[in-house]
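[1] For reference, the sequence and a predicted model appear below.
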Protein chains: 2
Amino acid sequence: MTAASIKEVARHAGVSLGTVSNVLNRPNAVAPATRQRVLDAIAELGYVRNDSARQLRAGQSRTIAIVVLDVANPFFTDVVCGAEQVVEEADAMLVVCNSGENDARERRHLELLEEQRVRGVLITPVGHGQQPRLDRLHERGIPVVLVDRGSGRAGRCSVAVDDLLGGRLAMEHLLDQGHRRIAYLGGPFSIPQVADRHAGAAAALAERDADAQLRIAKTTNLTVAAGRRAAAELLTLPAAQRPTAVFCANDLIALGVLQELTKHGRRVPDDVAIVGYDDIEFAGAAAIPLSSVRQPREQLGRTAAQLLLEEADAGATHRHRHVVFQPELVIRASSDRPRR
Amino acid sequence: MTAASIKEVARHAGVSLGTVSNVLNRPNAVAPATRQRVLDAIAELGYVRNDSARQLRAGQSRTIAIVVLDVANPFFTDVVCGAEQVVEEADAMLVVCNSGENDARERRHLELLEEQRVRGVLITPVGHGQQPRLDRLHERGIPVVLVDRGSGRAGRCSVAVDDLLGGRLAMEHLLDQGHRRIAYLGGPFSIPQVADRHAGAAAALAERDADAQLRIAKTTNLTVAAGRRAAAELLTLPAAQRPTAVFCANDLIALGVLQELTKHGRRVPDDVAIVGYDDIEFAGAAAIPLSSVRQPREQLGRTAAQLLLEEADAGATHRHRHVVFQPELVIRASSDRPRR
DNA sequence: AGAACGCCCTAAAACGTTTCATCCACCGCG
DNA sequence: CGCGGTGGATGAAACGTTTTAGGGCGTTCT
């Protein structure tokens, strides 16, 4: 019933407690006969190592955490899968925490992770990612790698995609298609991805056509439901002001927009063109296949995990690195029709 | 740099170590003035409790794990979100582990979780769910709740959806639409959901129309890619044998099938009708909105977590429960056209 | 023959908590 | 004036590992 300890195993095998530990941790430092006796005792008692004790002694855990903005967003699950591959090879364990774009929950998770002295944390922070809390972790010797977010300052590693470029690509494409009244849907703007994608789009628009308009429709978060709400709002505008194209901060919003527009009989892309962001697996399978700015999702996760492990192993000799990937526009039916 | 311990806090505040512990755990058992001094010391030193030590002493962890078949499957992320709500209220932490439908990885996760003496485990097992490993956990006093899987025997709690009924609903609908050559796509059959959904469909077919055929096309797993492959295979059949409808073990497969069929110019539902399973958020947003057997996804997670917490708190007095939800067929365009 | 070495094992300390048995001082009461 | 009670603090034990210093003992080298 109650878990057997190393001590009982030792008694059972007629050896000292230290010997059992040796069998577990450096098997070939102990004579084969003894080793076997110990292994038998372990099997018989169903002994399982107590990780708390091990960690307490070692001061280090073997788990790595990834804190994502939204587990239900396929973009993040793909990142998780990528990270998983790398972490697994390192014989560590990846645990996934969901902040749900909620500051308090993120803080709570980080507190718990700090108490657990995890080996490292991959995180896409809710805010700008310069919270003192993250610095704290770092001071404590817990490496932190920012995911999908270039860290302005050099305090830590990061992997990111150039969101300014992504926004620019999307906007240039829409301008190429002849659109002049365009909306950007996304929020909250406190999330840098949301702000950067908009900034890139705005810059492209300013360069290319100062007369074109870019309206902003803020959403409370980055979900399908939020997209539906934002689209419903756009539909209330007088026709002359209504945008002919929307660029969405991510694909979930774009899918919501698509649903709401078709529900109200608008044709995509003829009445309204849509471009999303992330290129999640479901974007290409949508009712009207969605144009989207593709990010290397798994790659992002793999690289982040590699940087983290590197830092965890190197210790003080570590030099922080910032990896930036280039996004790529994938044009599909939702925006691919010349207008006018 | 190195983490401050309770001992240093005590020295700093000029009290004994036990008093600091009291401030942390029963604040009002210590005089206000002393308490404040301790809290100040904690703040000044940036003290963070060491959870390993706490757990070692307490013998109990505050984390609950959920082991899912595939984190990238929106069905499971919705279950996770449901569980999260409940776990959070109980002031515990939910960690997500991904078995990826892989037996070895599942085993590895369970080993690690056992070593960590987690408070409980929610799991959708890769196999039939009667692995000795799960029993071991239970003997160790770690409650296990089966998710999306009725446990034949009574050894543990479970929450499930009646997959036989789900299969039946899907099949009856397709028969109603006039289909007589139908394929079931899914796999591996070692996953009970896959087998049960098929069994339900087969039973309905046998009852309703003994002449109709149900072909099985096994897939290696339950992903979009597997669905594409299976569909490609179906397309190689001579036209006279080719099914006019497919029932897929889950929505991911169904989406893959849909993609592959339309890529080859087949019309859905006219040439081939499709019914999926789970009714994930993206099913209704697909190119051809997908008919699907809806499961109460978040509800499943919430209930499972509730049962788990109940069992963890009740200890030996606990009576295992088996909650079964009824699925519901949602008919959309992918199957909604009378044939012949 | 004695020193030196290698192999296998043991004993004990340490990791940072929580908890429990005391202890102390003070107060009110008989 | 002595007695039990009480609120508040203390000290030590215990949780289950890992690690380190060393001990016995047989073998090899000089």
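    Everything's here; your move.
[2] Tell me which residues are up against the lowest-mean-pLDDT helix or strand in chain A.
    Across the helices and strands of chain A, the lowest-confidence element by mean pLDDT, DSSP states H and E is helix A:132-139, at a mean of 88. Contact with helix A:132-139 is made by A:Arg107, A:Leu110, A:Leu113, A:Glu114, A:Val121, A:Ile123, A:Pro125, A:Val144, A:Gly155, A:Arg156, B:Met1, B:Gly46, as judged by CB atoms under 8 Å, 6 or more residues apart in numbering or on different chains. Bear in mind the C-beta positions are built from the backbone N, C-alpha and C, glycine included.
[3] Need the worst-confidence member of the residues you listed.
    Least confident of the contacts of helix A:132-139 in the model: B:Met1, at 54.
[4] any idea how far the residue in chain A that DNA strand D sits nearest to lies from A:Val15?
    In chain A, the residue found nearest to DNA strand D is A:Ile6; the distance is 2.8 Å by CB to the nearest atom of the strand. The gap separating A:Ile6 from A:Val15 is 11 Å, by CB to CB, to the nearest Å.
[5] Which residue is the nearest non-sequential neighbour of A:Asn98?
    Counting by CB to CB, 6 or more residues apart in numbering or on different chains, A:Asn98 lies nearest to A:Val71, which is 4.4 Å off, once chain neighbours are set aside.
[6] Give the burial count for the one you found, as a bare number.
    Neighbour count of A:Val71, defined by other CB atoms under 10 Å in any protein chain shown: 23.
[7] Helices along chain A, start to end?
    Applying DSSP state H to chain A gives helices spanning A:6-13, A:17-25, A:32-45, A:51-58, A:74-89, A:103-115, A:132-139, A:163-176, A:192-208, A:224-235, A:251-263, A:297-314.
[8] Among the ones you listed, show me which one is buried the most.
    helix A:251-263 (a mean of 25; mean count of other CB atoms under 10 Å in any protein chain shown).
[9] Now do it: which elements does it pack against?
    strand A:181-186, helix A:224-235, strand A:245-248, strand A:273-278 (3 or more CB pairs under 8 Å, 6 or more residues apart in numbering or on different chains; DSSP states H and E).
[10] for the record, mean pLDDT for the third one?
    Per-residue pLDDT values over strand A:245-248 give a mean of 98.
[11] helices or strands up against that strand?
    Counting by 3+ CB pairs under 8 Å, 6+ apart, strand A:245-248 packs on helix A:163-176, strand A:181-186, helix A:224-235, helix A:251-263, strand A:273-278.
[12] strand partners of the last one, parallel vs antiparallel please.
    When you say that, I think you mean strand A:273-278. If you go by DSSP bridges, strand A:273-278 pairs up with strand A:245-248 (parallel), strand A:291-294 (parallel).
[13] Tell me the gap between that strand and the middle of its chain.
    19 Å (CA atoms, centre = their mean, to the nearest Å).
[14] thinking again about what came up before, which of the strands paired with strand A:273-278 sits most buried?
    strand A:245-248 (a mean of 30).
[15] pretty sure the residue of chain A closest to DNA strand D contacts A:Asn22?
    No - contact criterion CB atoms under 8 Å: A:Ile6 and A:Asn22 do not qualify, at 10.8 Å.
[16] ok so, going back, how much space between the residue nearest to A:Asn98 and B:Ala203?
    Distance from A:Val71 to B:Ala203, by CB to CB: 36 Å.
[17] List, one by one, the residues from the stretch 151-300 of chain A near chain B.
    A:Val224, A:Leu255, A:Leu258, A:Gln259, A:Glu281, A:Phe282, A:Gly284, A:Ala285, A:Ala286, A:Ala287, A:Ile288, A:Pro289 (CB under 8 Å from any CB of the partner chain).
[18] List the buried residues for stretch A:315-323?
    Buried residues in stretch A:315-323, counted by 16 or more other CB atoms under 10 Å in any protein chain shown: A:Arg321, A:Val323.
[19] How far does it stretch from one end to the other?
    20 Å (CA to CA, to the nearest Å).
[20] Check stretch A:215-231 too.
    13 Å.
[21] The closest residue to DNA strand C within the stretch 151-300 of chain A: what's it in contact with?
    Closest approach of the stretch 151-300 of chain A to DNA strand C (CB to the nearest atom of the strand) occurs at A:Arg156, with a separation of 24.2 Å. Applying CB under 8 Å, 6+ apart to A:Arg156 gives the contacts A:Leu134, A:His138, A:Pro143, A:Val144, A:Val145, A:Leu146, A:His320.
[22] cutoff 6 Å now
    When contacts are counted by CB atoms under 6 Å, 6 or more residues apart in numbering or on different chains, A:Arg156 touches A:Val144, A:His320.
[23] Same question for the one 5 residues further on.
    A:Val161 sits next to A:Gln295, A:Phe325, A:Pro327 when contact means CB under 6 Å, 6+ apart.
[24] 8 Å - rerun?
    A:Asp148, A:Gln295, A:Pro296, A:Leu300, A:Val324, A:Phe325, A:Gln326, A:Pro327.
[25] count of residues packed around the second one?
    Right, the one you point to is A:Gln295. 27.
[26] Give me the nearest residue to A:Ser5, chain neighbours excluded.
    That would be A:Asn50: by CB to CB, 6+ apart, it lies 7.2 Å from A:Ser5.
[27] so what pLDDT did that neighbour get?
    Reported pLDDT for A:Asn50: 96.
[28] what do you get for A:Arg153?
    pLDDT, A:Arg153: 66.
[29] Also A:Asp313?
    On the pLDDT scale, A:Asp313 gets 88.
[30] How about the one 10 residues further on?
    Looking at A:Val323, its pLDDT reads 96.
[31] now swap in A:Ala183 and tell me
    98.
[32] For the nearest residue to it once chain neighbours are set aside, give its distance to A:Glu207.
    Sequence neighbours aside, A:Pro243 is the residue nearest to A:Ala183 in space, at 4.0 Å (criterion: CB to CB, 6+ apart). Look at A:Pro243 and A:Glu207: by CB to CB, they are 19 Å apart.
[33] hang on, A:His198 packs against A:Tyr184?
    Yes - if you go by CB under 8 Å, A:His198 and A:Tyr184 touch, sitting 5.1 Å apart.
[34] Find residues that contact each of the two.
    A:Ile216, A:Ala249.
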